[in-house]
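build me a structure from this.
(2 chains)
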Amino acid sequence: MKAIQLGSLPTDLGLSTQLMKFSITANKLTATLPTELGLVPMWKFHSGRNRLSGPIPPELGLWSDLLIFSLWSSHNITGTIPTEIGLSTNAIVFDLQITQVGGTIPTEVGVMASMEELFWAEMKLTGTVPTELGLWRNMWIMNLGSNALTGTIPSVG
Amino acid sequence: MTGTTSSLVGELSHLEAIDLSFNKLAGTIPEEFAKCTNLQAIVMEGVVSESAEQKMSGTIPSWSGELKELRHVWLDEEAFTGTIPSEIGLLTNLMSFCAHVNQLTGSIPTEVGLLTDLWEFVVEKNCMDCESDPTGLTPN
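This is a model prediction of the structure:
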């Protein structure tokens, strides 16, 4: 049997300074997310249903034009939701469903006021749902099921 | 339109764009395309419901790196196999590479990072890195 190599997405992708749409959904890429990817003007990032592993680099918070972020069903993505991701204030879809991402939901995400669809079910989230999420007036799907969240549901501000 | 692409296309040395999408064309990308050095766009999008026999197949040729003017390569919904050739890095004008729903394998060539005009890279629903999967070449 061929040896299993854990690859990575090319760090050089950060040099593709115009890269806005990157979609590798539904392959079997065994990779980690390079921090250098934060250097591109990402708009739509679809990388779910692969074999990606490791944390979400905080540098991805540099994606100020980000519209869609999806890593759904990436069973080996770990760590926490970087507070920096709150800088992506235009994001409308944020999908981390069925990952190992845990910890508390950073209050910084509250400023992502354009958010419409939040898929954060079947993760390892703990703590309370920040009241700031009540500021997301465009939200129409919010799935936080199957986590270890406590407390109350924030009221709409 | 049915059948295969004619090798005579190589005589069209001034060709800047070719769009053969939404037909029942089969066969491989003819090697004669290598002579179409003015090509800026290759568009061969297949029809979703077609059988594999009515789709383009074979590999993405390494000689495609010679087509320096290429800006758009759209090969969605066909039956292409093999890896994305590292020669993709030679396509310094490439803006979009789309090959969703094919059977491409291997990893993303590091040379993709050389493409400073690339804004769209789409390889959804292929079998990239399937070789490293102990369960074999089963599409995800």
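
list the buried residues of the lengthiest strand in chain B.
The single longest strand within chain B, with elements called by DSSP state E, is strand B:79-83. Using 16 or more other CB atoms under 10 Å in any protein chain shown as the burial criterion, the residues of strand B:79-83 that qualify are B:79-80, B:83. In this view, the C-beta of every residue, glycine as well, is placed from N, C-alpha and C.

out of the residues you listed, who's nearest A:Thr25?
Using CB to CB, B:Phe80 comes nearest to A:Thr25 of the buried residues of strand B:79-83, at 17.4 Å.

let me see the contact set for A:Arg51.
By CB atoms under 8 Å, 6 or more residues apart in numbering or on different chains, A:Arg51 lies in contact with A:28-31, A:74-76, B:129, B:133.

give the rounded mean pLDDT of stretch A:71-86.
For stretch A:71-86, the mean pLDDT works out to 96.

for that stretch, buried residues please.
Quick answer for stretch A:71-86 (16+ other CB under 10 Å): A:71-74, A:77, A:79-82, A:84-86.

just the ones of those residues in helices?
Among those, no member falls in helices (DSSP state H).

quickly note the distance from A:Glu108 to chain B.
Applying CB to the nearest CB, to the nearest Å, the value for A:Glu108 to chain B is 28 Å.

identify the residue nearest that residue in space, chain neighbours excluded?
Closest residue to A:Glu108 apart from its sequence neighbours, by CB to CB, 6 or more residues apart in numbering or on different chains: A:Gly86 at 3.3 Å.

could you do B:Asn102 as well?
Nearest to B:Asn102 is B:Phe80, by CB to CB, 6+ apart, at 4.3 Å.

the one you found: what's it in contact with?
Contacts of B:Phe80 (CB under 8 Å, 6+ apart): B:56-60, B:99, B:102-104.

give me the three-state assignment for the residue of chain B found nearest chain A.
Residue of chain B nearest chain A, by CB to the nearest CB: B:Gly113 (2.4 Å). Taking DSSP: H, G, I helix; E, B strand; the rest coil as the rule, one finds B:Gly113 in the helix state.

ok, it - contacts?
A:10-16, B:89.

quick one: which of those is most hemmed in?
Among these, A:Ser16 has the most neighbours (other CB atoms under 10 Å in any protein chain shown), with 25 neighbours.

counting by contacts, list what the longest strand along chain A packs against.
Using DSSP E, we find that the single longest strand of chain A is strand A:124-128. Here strand A:124-128 touches strand A:102-104, strand A:148-150, going by 3 or more CB pairs under 8 Å, 6 or more residues apart in numbering or on different chains; DSSP states H and E.

can you list contacts of the last one?
Contacts to strand A:148-150, defined as CB under 8 Å, 6+ apart, come from residues A:124-129.
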